[in-house]
Each structure stands twice: as C-alpha cells, then as structure tokens.
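# can't give you the sequence, but here's the structure:
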DNA sequence: CTACAGATAGTAATTATTACGATGTGAAAG
DNA sequence: CTTTCACATCGTAATAATTACTATCTGTAG
C-alpha cells in the first residue's frame, strides 16, 4: 500500500472520534504497509523501535478499538488472532478465502447461508465460514502442490 | 450418558494404543456424563477431587491425544477451546449447529463446499463452517427471543 | 514376575492478555 | 496562542492459559 492508504486509515480513526496520536499514526502505517496479517506481537515489534517503552496496553487497546470500530478485521488463523485492514468496498456481509502460504485474503461474494434451511426449528444467530488453501500465485511458485484436502 | 458410554470411550482409547490409566478412565467418565462441552479447566476441576495433585500436563496431554485420535472433538466457543465426545455415527466429514444457550450440538449433513466453485484458481485445502443460534428446546424456554441475526 | 516404554506429579517457564495508577498530550474552547 | 481536561500512554503488575521438563510411578507385553 501507499501513503494515501495511511491517510485513509487515519481519517477513519478521526471520523470515529479517536484522537490521532503518533502511536496511532504508526499503527496505521503498519497496517497500510502490511502485505498480510499482523498479530498483536507483530504490531508491538513494529512499534517498539520508534517508541521504545511502548505499553502492551496501547497495542491491545488500539487493536480492540480499531476492531470494534470496523477499521481493522480480526481473524483467527492457526489458533491465534491476527488483524488486517478491513475489506474496503466489502462492508456488507461476506466471507474469505485465506492463502496458507502468503496469507492473502480473497473476499467471497457468496454466502453458504443464502441457500440453507436449518433443520429442527433452530434459530440461527450467526455463522462462521472460512476457506483455507493456496492462491493462484503461490501455486505457481510450487506451494501447496503436495497438500491434501482435509475434510474438517 | 450411561456406564456403557464410558466403556465405549475407554475401548476406543485402548484400541488406539493408549494405556488405560485411572486418570484416563476418569476423563472418559467426565466426557460420558457431560451434557455439553468441557473446557480444559472443567476437566481439571473434575479430576482434582479424585487426584488431588493432578498435573496440568496430564490434562492437556490427554486432551491433545484424544483430539488427535478422534475420540473427542475440539470446538472454539466464545474465544476459548472446549471439548466433547466426537459425534459417533458421523465419522465422515460434517459440520455443526451449536446452541448458544445449552451448548447442544446438532450435526449437519450438508456441507457448503458441495456446491461451491472457488474463483481465481484457488486450491482449497480446508474450510471451516459453523452455525450458532438457539435450539428448539431453548427457544421454547424463551431463550434467544431478542437475539438478532449477526451478519458476520 | 519382570522390564520398560509410556504416563503422571510437581514444579517452573512461557506466552498472551488484561489491569491500573501516574503521567503525558491531542484538540476543543476561550 | 494558552488553557484545560478527557483521553491516551507508560510502566509495571497481575492474571490466565498453556507448555515444558525431570524424577518417579505404573500399565502391560512377554
């Protein structure tokens, strides 16, 4: 991403009533420059150079706030939380395909609930649907050739 | 569940090459008697009376082993891991509806991947699909009446 | 009965996350 | 440009969940 994208993130922070601190600008930069996901730890590591005594409180509080306000999205990948800039242009309900090699996220337009009828008078409140595999690029670089489809 | 179900679990442990220790018998009992899920902590609490110096190692090692061997299934509910006896009679690939009130698990026969075509030459390795809501029983007891459908 | 690989106890270490009082600061108002 | 103060951060501690490891114990094959 480019400088313009940092501005977009900072602007949305501002619009949502958050103060624009130096630390938050840096968080915006980190997410704008990230190719894939960032874990809390990675955000910390990206900040600790510039703010050498930075508090975990600052990291976790901002990640939580930005998630709640919809600026970033939280994913659960391989048993741990990771974050990325929310899919702009996909504000409506959608799902994702996630590349196990490069962590690229491909938004999906279709939702399995569109043509699903719950049995047993079950009242559906929410659902979770994610696809994992290897994207076109990574396959061409030989990734995932040997990977078997896991039925789970 | 009944005594017979404890035996089934113990037998499958045995068949899979695990030694039948007292502790493992007790774990089998806990899962056989559980109405819903058990967290690692709950398993610990269920064992600590009988084995007062029981090690976390024992709990976590056995949960991991039993999960890997397919005796129990691991779910992620409300940001934490919980376990239950695997769906016997549903050894093939399937998904679940999970009641947010009583934690009842309803196996689903249909899989969203059955009629799904991945775009972008994405090579699908695995997927995750879970439905959360309120089961028939809990709705009749007034649970989930006010719950709104969450698009996420 | 014996031997031993595997299991457990007891404890420590690691990791992730949350909490909180003191201090600092963005930005709104004057 | 100052003042002000709610919000943000720092520094540190606490909590929680999980993993690690060694000495000891035990299920079970032979």
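All right, it came through fine. These numbers were taken from a predicted model, which means no experiment stands behind them.
# give me the nearest residue to residue A:130, chain neighbours excluded.
Once flanking residues are discounted, residue A:130 sits nearest to residue B:128: 4.7 Å by Cβ to Cβ, 6 or more residues apart in numbering or on different chains. From N, CA and C alone the C-beta is placed, and that goes for glycine too.
# hmm, I was thinking of residue A:46
That would be residue A:30: by Cβ to Cβ, 6+ apart, it lies 4.6 Å from residue A:46.
# with residue A:9 instead?
residue A:28 (4.0 Å).
# next up, phi/psi of the one you found, please.
When read as degrees, to the nearest 10, the backbone of residue A:28 gives phi -60, psi -40.
# so for the biggest strand by length in chain A, what gets flagged as buried?
Across chain A, the longest stretch assigned as strand under DSSP state E is strand A:123-134. Judged by neighbour count (16 or more other Cβ atoms under 10 Å in any protein chain shown), strand A:123-134 contains these buried residues: A:123, A:124, A:125, A:126, A:127, A:129, A:130, A:131, A:132, A:133, A:134.
# so which elements touch the helix or strand harbouring the residue nearest to residue A:46?
Assigned by DSSP states H and E, residue A:30 belongs to helix A:22-33. Using 3 or more Cβ pairs under 8 Å, 6 or more residues apart in numbering or on different chains; DSSP states H and E, the elements in contact with helix A:22-33 are helix A:3-15, helix A:40-48, helix A:56-68, strand A:80-85.
# the domain parsing of chain A - what is it?
A:3-85, A:95-140 (automatic domain parsing).
# columns distance to residue B:39 and mean pLDDT on top of the ones you listed, output as JSON lines?
Formatted as JSON lines, the domains of chain A follow (distance: least, Cβ to Cβ, whole Å; pLDDT from 0 to 100):
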{"stretch": "domain A:3-85", "distance to residue B:39": "15", "mean pLDDT": "93"}
{"stretch": "domain A:95-140", "distance to residue B:39": "19", "mean pLDDT": "86"}
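# quick one: which of the ones you listed is nearest residue B:48?
domain A:3-85 (26.0 Å; Cβ to Cβ).
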